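Visitor: Next one to model:
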Amino acid sequence: MRRGLMGWNAEELPRAALDARIARLRVAMQRNGFDAALFYTNLVQPSAVTWLTGFTPYWSDGMLLLPREGAPVFATALSKRVANWIRTTDTLSEIVNTPKPGVAVGKRIAEAGCKRVGVLEYDALPAGLYDEIAGAARHVELADLGSVFADTRRVIDDAERGLIGRADALARGALDQIDADKATDAGEVAGLVEKQARLGGAEEAYIAIAADLDSDLRMIRVAGTLPLAGRFAVRASVAYKGAWVRRTRSFAHDEAARRAYADADAWLARVASSIEPGQSLAAQLQARLKELPDAMLRNATAESCIGSYPLTAAIGAPSAGSFLVLAVELSLNGLPWLGAAPAFIDAR
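Guide: Residues are numbered from 1 along each chain as shown. Model (predicted):
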C-alpha cells in the first residue's frame, strides 16, 4: 500500500532538474520524429510520470501529454477536489480533471496539429484509453516511445541520485533491525522491517523472505506466521519520493555461516561500487569471485528503471551514468547466500 503524502521538496528535487529532464527528452523526441509523447500512469506504473513531473498517483490513473513545447498536460479522472493537491506535487503541468482523460489528451494532440505521437509502452496502453485518443485525434500516428525514453531515462541526475541514496538508507536501516539470534518468525521480521522503513519516511515498503535458505531460495511475501530456519534471507524493496531500491541480506544462527555471510556482504559492496560500464556484468561478477575463496556464482540479475514500472530487468552491459540494483546468489563452500544492493555506474 502506498502511504504518506509525498509533498514536493524543491531541495530534494529542484525544478531545474525536472526542466532539464523534459528538455533532454524533447531533444530525443525531435531527433526521432515525434511531435509529442504520451505516458500512462497508475498505482503500479508511476515511474515515468514521477521522473518527468515529480507526481506519483495514489489509487488512480491518468495520462501525461508532453508536447514539443509548452507545459505538459496531466489528464486524470480524479475529481477537482484533489486538483490542488496534484498541483502541489506537479508544479510543471496543466492539470485537467475529466471523466475521459483519453479524449482530453486526444483533443490537445489534434489541436496542436501533431502528426506522430510516441506512447511509452504502446502495446500495454489500456484499450479504452487508446480508443478515446484515436477517436479524438483520428489522423495522428501513434508509435512506441520505449527505446527513445529508455535512452534518455537511463542516465540519472544528481537529484535522483540523492533520492535513491535516501531510499537505500531507509532499506539498510530497516534491515539493521533484524537480530538473527532473536528472529524466529518470518511474519514478525517482515513487520519489523516494514515498520522501520515507513517510520523513516518510505511511502512504500515491500518485504519478502526466504525462510529456509537450505531448502528453498524463493522470496515470498509473508502474510501470517512462518517459522524461520537457521539460515534465512530478507529482501526490502523501498521507495522514497518515487525512487526505488532493493536490498537483500542473508542471516544465520551458526557462527561459521555468519562469517561467510559477512565476507559475501563485503564482497557485494565492493562489486556494486566498482562496476565497469560497457562490459558484461556476468563476466565482471565471475572475475571478482576470486576475492571469495570457494564461492560459486549460482545466479545474478540486474534491474533498473527505464519505463513506467519502478524496477524491471536490465538487459545488456551497464551504461555509464546509469543506476541498477544487482541481485546475486552464491554458494559459499556449500552455504546458500542471497544478496542485493544498488549500484551507480560511474564513467571510468
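
Visitor: and residue 261, that one's in a helix?
Guide: Yes. Under DSSP: H, G, I helix; E, B strand; the rest coil, residue 261 falls within a helix.

Visitor: Helix or strand: which one has the residue nearest to residue 190 when sequence neighbours are not counted?
Guide: Nearest residue to residue 190, sequence neighbours excluded (CB to CB, 6 or more residues apart in numbering): residue 207, at 4.2 Å. No exception for glycine: its C-beta is placed from N, CA and C like everyone else's. Applying DSSP states H and E as the criterion places residue 207 in strand 204-210.

Visitor: Export that strand to CSV, keeping only CA atoms.
Guide: Provided in CSV are the C-alpha atoms of strand 204-210 (Å, rounded to 0.1, in the frame of the first residue of the first chain):
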residue,chain,number,x,y,z
GLU,A,204,6.2,2.1,0.0
ALA,A,205,8.0,-0.9,1.5
TYR,A,206,7.6,-4.5,0.3
ILE,A,207,9.3,-7.2,2.4
ALA,A,208,9.9,-10.7,1.1
ILE,A,209,11.6,-13.5,2.9
ALA,A,210,13.3,-16.8,2.1
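
Visitor: picking that back up, partner residues bridging the residue nearest to residue 190?
Guide: residue 236 (DSSP bridges).

Visitor: show me what contacts it?
Guide: Residues counted as contacts of residue 207 (CB atoms under 8 Å, 6 or more residues apart in numbering) are 189-190, 193-194, 221-222, 234-237.

Visitor: just to revisit the earlier point, what's the average pLDDT for the strand holding residue 207?
Guide: What strand 204-210 shows for mean pLDDT is 96.

Visitor: Please apply the same query to stretch 156-170.
Guide: On average, stretch 156-170 scores 97.

Visitor: try stretch 253-269
Guide: 97.

Visitor: So what's the predicted local confidence for residue 7?
Guide: pLDDT, read off for residue 7, is 73.

Visitor: ok, it - how many residues close by?
Guide: 10 (other CB atoms under 10 Å).

Visitor: and if you look at the one 4 residues further on?
Guide: By other CB under 10 Å, the residues close to residue 11 number 7.

Visitor: mind checking the SS state of it?
Guide: Residue 11 ends up coil, using three-state DSSP.

Visitor: From residue 263, how far off is it?
Guide: Distance of residue 11 to residue 263, given as CB to CB, to the nearest Å: 39 Å.

Visitor: Same question for residue 166.
Guide: For residue 166, the distance to residue 263 - CB to CB - is 28 Å.

Visitor: do residue 27 as well
Guide: Distance, residue 27 to residue 263, using CB to CB: 46 Å.

Visitor: More neighbours: these two, which one.
Guide: residue 263 (16 against 11).

Visitor: just checking, the more buried one touches residue 292?
Guide: Yes. Using CB atoms under 8 Å, residue 263 is in contact with residue 292, at 6.4 Å.

Visitor: Spit out the residues that contact these two alike.
Guide: residue 332.

Visitor: all helices for the stretch 201-348 of the chain, in order.
Guide: 255-272, 281-288 (DSSP state H, counting those that start in this stretch).

Visitor: how about low-confidence regions in this protein?
Guide: Applying pLDDT under 70 to the chain flags the ranges 1-6, 59, 347-348.

Visitor: buried residues in stretch 139-158?
Guide: 140, 142, 145-146, 148-149, 152-154, 156-157 (16 or more other CB atoms under 10 Å).

Visitor: quick one: terminal-to-terminal distance for that stretch?
Guide: 40 Å (CA to CA, to the nearest Å).

Visitor: okay, now residue 15: neighbour count?
Guide: Applying other CB under 10 Å, I find that residue 15 has 12 neighbouring residues.

Visitor: list the contacts for it?
Guide: 91-92.

Visitor: And it, how far from residue 331?
Guide: 49 Å.

Visitor: Repeat that for residue 112.
Guide: Taken as CB to CB, the span from residue 112 to residue 331 is 58 Å.

Visitor: Next: residue 207.
Guide: 25 Å.

Visitor: same thing with residue 76?
Guide: 49 Å.

Visitor: Name the residue in the two with the higher neighbour count.
Guide: Comparing residue 76 with residue 331 by other CB under 10 Å, the one with more neighbours is residue 76, at 22 against 13.

Visitor: So the more buried one is in contact with residue 61, correct?
Guide: Yes. At 7.3 Å, residue 76 counts as touching residue 61 under the criterion of CB under 8 Å.

Visitor: Okay, strands next: where are they in the stretch 101-250 of the chain?
Guide: 116-119, 141-144, 204-210, 231-240, 243-252 (DSSP state E, counting those that start in this stretch).

Visitor: Can you lay out those as a markdown table showing distance to residue 318?
Guide: Output for the strands of the stretch 101-250 of the chain, formatted as a markdown table (distance: least, CB to CB, whole Å):
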| stretch | distance to residue 318 |
| --- | --- |
| strand 116-119 | 25 |
| strand 141-144 | 24 |
| strand 204-210 | 24 |
| strand 231-240 | 20 |
| strand 243-252 | 16 |
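
Visitor: Hmm, residue 102 is touching residue 136, no?
Guide: Yes. With contacts counted by CB under 8 Å, residue 102 reaches residue 136, the gap being 7.3 Å.
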